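Trainee: Quick check, what structure comes out for this input:
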Amino acid sequence: MIQPRPRKIRVLIVDDSSFMRMAIRRILSSDPDIEIAGTANNGAEGVQKTLELKPDLVTMDVEMPVMDGIAALKQIMAKEPTRVIMVSTLTNEGAKATFDALEAGAVDYIPKNITDSTSAQAIFREEILRKVKEAVRSSTDRRSVPPSRQAPLVRRVAEARLPKIRMNYVAIGASTGGPVALQEVLSRIPINFPFGIMVVIHMPKAFTGPYAERLNAKCSLTIKEAAEGDILKPGTALIAAGGSHTLITRRPGGLCVQQAPTSEYPKNTYVPSVDLMMTSLADACGGAMLGVILTGMGNDGFKGMQHLKSKGGITLVQDEASSTIYGMPRACVNGGVADLVLPLDQIGFEIAKTAENGRR
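Mentor: From the prediction side, this is the model:
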C-alpha cells in the first residue's frame, strides 16, 4: 500500500526588504517539504495574512514600517497563535529586540547574515531550513504522541531523586527556547548560591553579551559573558561567548575559562559546544558538579552528560511538556544519563536545593 505523502509545511514570509523576501523564499522553496503560503512587507500585513492563510510557521523580520515585528508577533499570539521565527540583525539592538520577541512567544530566531560570502550564505540557508522544519515537527510530534506513551519513562526517571554528592559547580546547556528557559531557571537561584555556574547556549557572538546583561538585570545572581581567564566563582553565572568554544581548565587560582576557535574542534558543529564545556568542567572538578540540559534542538550535551556521569556527577534535564524543542533533553533521557527529569518551573528550585543537605 502506498503511503500518502505528508502535507508540506506552509510558511508565511514577513519582511520589508524585497531582497530578503526573495532570498528566504528561494531557500525555502528549494526544499520539497516546504511551500510558501504567502509574503508580507510589514507587520500589519503579516498579521492579516496569518489570520487569512493560517500558515504552519511565520518568518518575521524585526524592524519594519507600519508595524514592527514584535508588535505583529504579539497580535498573532493573541489572535491566531502560530509558530514564529524571528529574522534578526547581528547587532546589540537586534539582539535586545530578539530577546523581547522570544519572551513574547517567538519559538526561535535566525541571524540575518546574507552577505557576498558564500560560506555565510550556506550557513544561513542551512539554519533557516533546519529551524523551520524542526519547529513545525516538534509541535506536530507533541500533539501526535499520546501522553500515556511518554509517561512511564519520564515517571521512572523523575521518581529517582538526585543523589547527595560532593558538589562545587553547575553546568547548564540549552539551545532553541533556551533564552527564555534559562532566565526562568537562573531567576530561581539565590544570590548567595555557593557554587559557580557555567552556561553554554547556542548563540552568535553578537548576542551573548547583551543576553548576559539582560539576565544580570533580571536575576539575583551575578551574570556576565565569559572571557578568557575568568574564574568560576560562587554566586556567579558565566555565559559562554558566542562564535567560539569554551572549555574549563584547572589553574592555581581555580577553575577558569579557556576559549578555543571552532577550527580546533571541527566535529563539534554546535557553537559554543555544550559537550566540550561540560566534559572539560567534569574533568577539571573531578565530577563534583551538577549537569543540566534544557530545551534545544539536536543532541549537544549528551556526550558531556555521559562523561559527567562516568566521573560521578549528577544530572538533571527538562521534561518534554515544558520544552520548546525536546531534542537535547530527549537525547539524555533516551541515552540513560538523566538522574532527574523536571518541568521548567521546578528546575531552578531543584538547583538551589543542591546547596542544602551537605551536597558540597
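
Trainee: Three-state assignment for Glu320, please.
Mentor: With DSSP: H, G, I helix; E, B strand; the rest coil as the basis, Glu320 sits in coil.

Trainee: Give the burial count for it, as a bare number.
Mentor: Glu320: 22 surrounding residues under other CB atoms under 10 Å. Placement of C-beta: from N, CA and C, glycine included.

Trainee: Please report how far it lies from Ser138.
Mentor: 10 Å (CB to CB, to the nearest Å).

Trainee: so what sits against both of the two?
Mentor: By CB atoms under 8 Å, 6 or more residues apart in numbering, Glu320 and Ser138 have these common neighbours: Tyr326.

Trainee: Excluding chain neighbours, what is closest to Gly229?
Mentor: Leaving aside its sequence neighbours, Gly229 sits nearest to Cys256 (CB to CB, 6 or more residues apart in numbering; 5.6 Å).

Trainee: Check which helices and strands the host helix or strand of the one you found sits against.
Mentor: Using DSSP states H and E, Cys256 sits in strand 254-260. Under the contact criterion of 3 or more CB pairs under 8 Å, 6 or more residues apart in numbering; DSSP states H and E, strand 254-260 touches strand 245-251, helix 274-285.

Trainee: so where's the protein shaky on pLDDT?
Mentor: Scanning the chain for pLDDT under 70 picks out the ranges 1-5, 114-116, 139-165, 357-360.

Trainee: quick one, domains of it?
Mentor: By the assignment in automatic domain parsing, the chain contains the domains 9-144, 152-353.

Trainee: longest single helix anywhere in the protein?
Mentor: helix 118-144 (DSSP state H).

Trainee: Can you give the distance from that helix to the centre of its chain?
Mentor: Helix 118-144 sits 13 Å away from the centroid of its parent chain (CA atoms, centre = their mean, to the nearest Å).

Trainee: Check stretch 205-218 too.
Mentor: Worked out by CA atoms, centre = their mean, stretch 205-218 lies 14 Å from the chain centre.

Trainee: In that stretch, which residues are buried?
Mentor: Residues of stretch 205-218 classed as buried by neighbour count (16 or more other CB atoms under 10 Å): Ala206, Phe207, Thr208, Gly209, Pro210, Tyr211, Ala212, Glu213, Arg214, Leu215, Asn216.

Trainee: From Ser30, how far off is Leu342?
Mentor: 40 Å.

Trainee: which stretches of the stretch 151-300 of the chain form strands?
Mentor: Along the stretch 151-300 of the chain, counting by DSSP state E, counting those that start in this stretch, strands occupy 169-174, 196-201, 222-225, 236-239, 245-251, 254-260, 289-293.

Trainee: closest one to Gln346 among these?
Mentor: Nearest of the strands of the stretch 151-300 of the chain to Gln346, taken as CB to CB: strand 289-293 at 12.0 Å.

Trainee: and the angle for that closest one with helix 274-285?
Mentor: 170 degrees (axes from the mean of the first three to the mean of the last three CA atoms, to 10 degrees).

Trainee: helices or strands next to the next helix or strand after strand 289-293 in the packing?
Mentor: Next helix or strand after strand 289-293 toward the C-terminus (DSSP H and E): helix 302-310. With contacts taken as 3+ CB pairs under 8 Å, 6+ apart, helix 302-310 sits against strand 169-174, helix 274-285, strand 289-293, strand 314-318, helix 327-334.

Trainee: Between Leu342 and Ser30, tell me which one has more neighbours.
Mentor: Higher neighbour count among Leu342 and Ser30: Leu342, with 22 against 10, using other CB under 10 Å.

Trainee: Turn the buried residues of stretch 205-218 into JSON lines, including distance to Ala352.
Mentor: As requested, the buried residues of stretch 205-218 are exported to JSON lines (distance: CB to CB, whole Å):
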{"residue": "Ala206", "distance to Ala352": "31"}
{"residue": "Phe207", "distance to Ala352": "27"}
{"residue": "Thr208", "distance to Ala352": "24"}
{"residue": "Gly209", "distance to Ala352": "26"}
{"residue": "Pro210", "distance to Ala352": "26"}
{"residue": "Tyr211", "distance to Ala352": "22"}
{"residue": "Ala212", "distance to Ala352": "20"}
{"residue": "Glu213", "distance to Ala352": "23"}
{"residue": "Arg214", "distance to Ala352": "21"}
{"residue": "Leu215", "distance to Ala352": "16"}
{"residue": "Asn216", "distance to Ala352": "18"}
